[in-house]
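# Show me the folded form of this:
(2 chains)
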Amino acid sequence: MTATARGDRRPWVLLTPALTAVTLLLVIPACFIVVYSFWLRTGTGAEQAGFYLDNWREVLTDPFYRDILGQTLRIAGISTLVCALLGYMPAYFIAYTRFRHRAYLLLLLMLPFWISYIIRTMSWISILGVSGAVNALLQWLGIIDEPLQMLYNEPSVILGLVHFLLPFMILNIYVSLDGIDRSLTDAAKSLGCTGWQAFREVTLPLSLPGLAAGCLLCFVLGAGTYITPMILGGPTDAMFANLVYEAIITQLNWPLGSALSLVLLALLGGLVAIYTRYLGIDQIAKSFR
Amino acid sequence: MADNGNAVELRGVVKRFDDFVALRRADLDVPEGSFVTFLGPSGCGKTTTLRMIAGLLDPSEGDILVKGRRINDVPIHRRNLGLVFQNYALFPHKSIFDNVAFGLKYRRVSRSEVTRRVREALALVRLPDVEERLPIQLSGGQQQRIALARAIVFEPDVLLLDEPLSALDANLREEMRIELKRIQRELGIATIFVTHDQSEALAMSDKVVVMNHGVIEQEGTPEAVYNEPATAFVADFLGHSNILPARVRGREGDYYRVALEDTGMEILTAAGNAGPLETGAPVRLVLRAERLRLGDGHEHRDGDTLLNARVDTVDYQGQLARYFLSVAGMQLQAINAIDRRPFAEGATVQVRVRGDDCVILHGHGD
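Sure thing, here's the model as predicted:
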């Protein structure tokens, strides 16, 4: 055996534990899901093994699922857009501040992750709920007589999602802004740009890969969530993952739930594939020498 | 203000960062069309000074004038100065053409004029066929040429170069040095060049400004700062010098006779620019290492001092050798061209110190 051949094998040795874990905990269960989706739940509630296309036919043809899917993509899309608009400025501030303890600002960004996502989401009830802080304040000030119904609609779901996703967006934009050579903006200014023009010519285009990565992450996380619509949404604000939850946990219809979850997986996986194809690692590497 | 032929003037410029003084009251002229180098070790204030002229930093005190006009309050994008950075700072997402055209885009130049001038600038830096490429597709030396083309294409009043050669490897650096000088001469543009490399400074400049700890130690032609250092720092920073504390014994015609403090040895040294010195005055004697002539036996000439020395160590460098000598317990270094083979370690040699090569500095220093 040559030294080169031994050298080639070493990465695989190092990757073995991780690959084993991924295979056991992710690939094999995913295969089970694929198999399940072709099974059938009979009228008695028992599952019948075999190769039936009934679940897939239902999932792919029933307009109910299509509408919920559309609603899911819309909510995730709007949340992502709001995150991008709200996230850019804080990311820019953290990247460019002369504040000595910049690391603490980043830590502050991580702080929400120390609290359970469910608790963070539920906290909106005590802020915006009928007997929440905002209603109490407005009533005390005499601005309103009856409490406002601010929760359990689509905007409150988007609010919850933005609250959850914003740190991911800020971090992604921050990383790409931080990687931009500062002398590039100096160069642009020395060539005749005002600060704003230099931002538009240099900083913004060079931070787009980070913005795109942030958008992808937010969209995928947003489209796959079921807790936020469950806690902050009304009866009509279900998202696609809620259907999966419903099918598997409530109706105990694993074959249908499997088919539904594979539809979402295929859709979001396709999105990631498109991103990688057009804005992927190559593009990012190219932008930053 | 009247045009006095200076492209850039500094008048009492001071720069403080909190309680650190980066530049102490600098006064300086950069004549029109000249090549001026700020030379000094890192932290000497040379880059700070350049950045203040460029408009990237504000001076704490004093005035900066470009073409006789005070520009302290002119924002950087209206200063019309060409700036070249150490790391090139080309826009990675723009083609070479767009990089070079960038300055023209903000100067209301017609499209055909932009194309013509970009082509002209690329021809000047001898890279005519790279318009469509991205910066990453060029080598470091080529990127530096593009950075230069980008800085000169809009005919700036002054060209500011911040250590533009230090990221290049040695061969390329020498080639670019010659290119840069050629381009500067061709354009006749006043240029300020910042470097810590003395050979770059001496080779390229009309005027060298030697800086240390935020102070301009000396300014003058390369020959002047090299041959007549005004301070011990300049003598030490440019080339290798022996700086020896001594006392004046008396004047002999065009020479002073000084006695070295360590050994009492007497050396004749040219009065030169030293000015009047009283007997007994403390001075420092600067002996350049390459001006000490080693030999087996020199004949005595007027104004010379001959010293007997022992070779302690030889640092062999091919065509040159650097010798560490002891002369009556005192350490000296000498750099001589090698005639076939260097003097051996332990050999006894005679050192000729020519009075005209010596420089006297006042006082014993700090």
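# which one is the residue in the stretch 51-200 of chain B that chain A sits nearest to nearest to, not counting chain neighbours?
Residue nearest to chain A within the stretch 51-200 of chain B (C-beta to the nearest C-beta): B:Tyr106, separated by 3.3 Å. C-beta: built from backbone N, CA, C; applies to glycine. Closest residue to B:Tyr106 apart from its sequence neighbours, by C-beta to C-beta, 6 or more residues apart in numbering or on different chains: A:Gly192 at 3.3 Å.
# what about the one you found, distance to B:Leu104?
Shown here: A:Gly192 relative to B:Leu104, a distance of 9 Å by C-beta to C-beta, to the nearest Å.
# what about those two, which has more around it?
The residue with more neighbours, out of A:Gly192 and B:Leu104, is B:Leu104; 23 against 20, by other C-beta atoms under 10 Å in any protein chain shown.
# ok, back up a step: what is in contact with A:Gly192 and B:Leu104 at once?
By C-beta atoms under 8 Å, 6 or more residues apart in numbering or on different chains, A:Gly192 and B:Leu104 have these common neighbours: B:Phe154.
# Can you check which helix is longest in the chain?
Looking at chain A here, since you left the chain open. With secondary structure taken from DSSP state H, chain A has its longest helix at helix A:63-96.
# hmm, I had chain B in mind actually
helix B:170-187.
# so who does A:Gly192 touch?
By C-beta under 8 Å, 6+ apart, A:Gly192 lies in contact with B:77-78, B:102-103, B:105-107, B:154.
# filter those residues to the buried ones?
Among the contacts of A:Gly192, those scoring as buried are B:77, B:102-103, B:105-106, B:154 (criterion: 16 or more other C-beta atoms under 10 Å in any protein chain shown).
# How about the secondary structure of the residue of chain A found nearest chain B?
Using C-beta to the nearest C-beta, the closest approach of chain A to chain B is made by A:Gly192 at 3.3 Å. Per DSSP: H, G, I helix; E, B strand; the rest coil, the local secondary structure of A:Gly192 is coil.
# Quick check, pLDDT for it.
On pLDDT, A:Gly192 comes in at 94.
# tell me the phi and psi of it?
As for A:Gly192, its main-chain torsions (degrees, to the nearest 10) stand at phi 120, psi 10.
# I'd like to know how far it sits from B:Val30.
22 Å.
# got it, and B:Arg354?
Distance from B:Arg354 to B:Val30, by C-beta to C-beta: 35 Å.
# What are the contacting residues of the strand or helix carrying B:Leu50?
Assigned by DSSP states H and E, B:Leu50 belongs to helix B:46-54. Helix B:46-54 is contacted from outside by A:186, A:190, B:8, B:10, B:13, B:15, B:22-23, B:26, B:38-40, B:57-59, B:64, B:66, B:76, B:79, B:81, B:83, B:158, B:160, B:162-163, B:192, B:194-196, B:209, B:211, B:214, using C-beta under 8 Å, 6+ apart.
# how about 6 Å then?
For helix B:46-54, contacts defined as C-beta atoms under 6 Å, 6 or more residues apart in numbering or on different chains pick out B:15, B:22-23, B:38, B:40, B:57, B:59, B:64, B:81, B:83, B:160, B:162, B:194, B:211.
# about what we covered before: and the next helix or strand past the longest helix of chain B?
Going down the chain from helix B:170-187, the next helix or strand is strand B:190-195, by DSSP H and E.
# and whichever helix or strand comes after that following strand, what does it pack onto?
Per DSSP H and E, the first helix or strand lying C-terminal to strand B:190-195 is helix B:198-204. With contacts taken as 3 or more C-beta pairs under 6 Å, 6 or more residues apart in numbering or on different chains; DSSP states H and E, helix B:198-204 sits against strand B:35-39.
# what is the orientation angle of the strand it packs on with helix B:170-187?
Interaxial angle of strand B:35-39 relative to helix B:170-187 (axes from the mean of the first three to the mean of the last three C-alpha atoms, to 10 degrees): 140 degrees.
# Starting from strand B:35-39, tell me which strands it pairs with and how they run.
Sheet pairing of strand B:35-39 (DSSP bridges) gives strand B:190-195 (parallel), strand B:207-212 (parallel).
# Please work out which of those is packed deepest.
Each of the strands paired with strand B:35-39 was scored by mean neighbour count; the highest is strand B:190-195, a mean of 26, by mean count of other C-beta atoms under 10 Å in any protein chain shown.
# what's next to it, contact-wise?
With contact meaning C-beta under 6 Å, 6+ apart, strand B:190-195 is reached by B:7, B:30, B:32-38, B:46-47, B:50, B:158-163, B:184, B:201.
# Which of the buried ones among the contacts of A:Gly192 fall within helices?
Mapping the buried ones among the contacts of A:Gly192 onto helices (DSSP H) picks out B:102-103, B:105.
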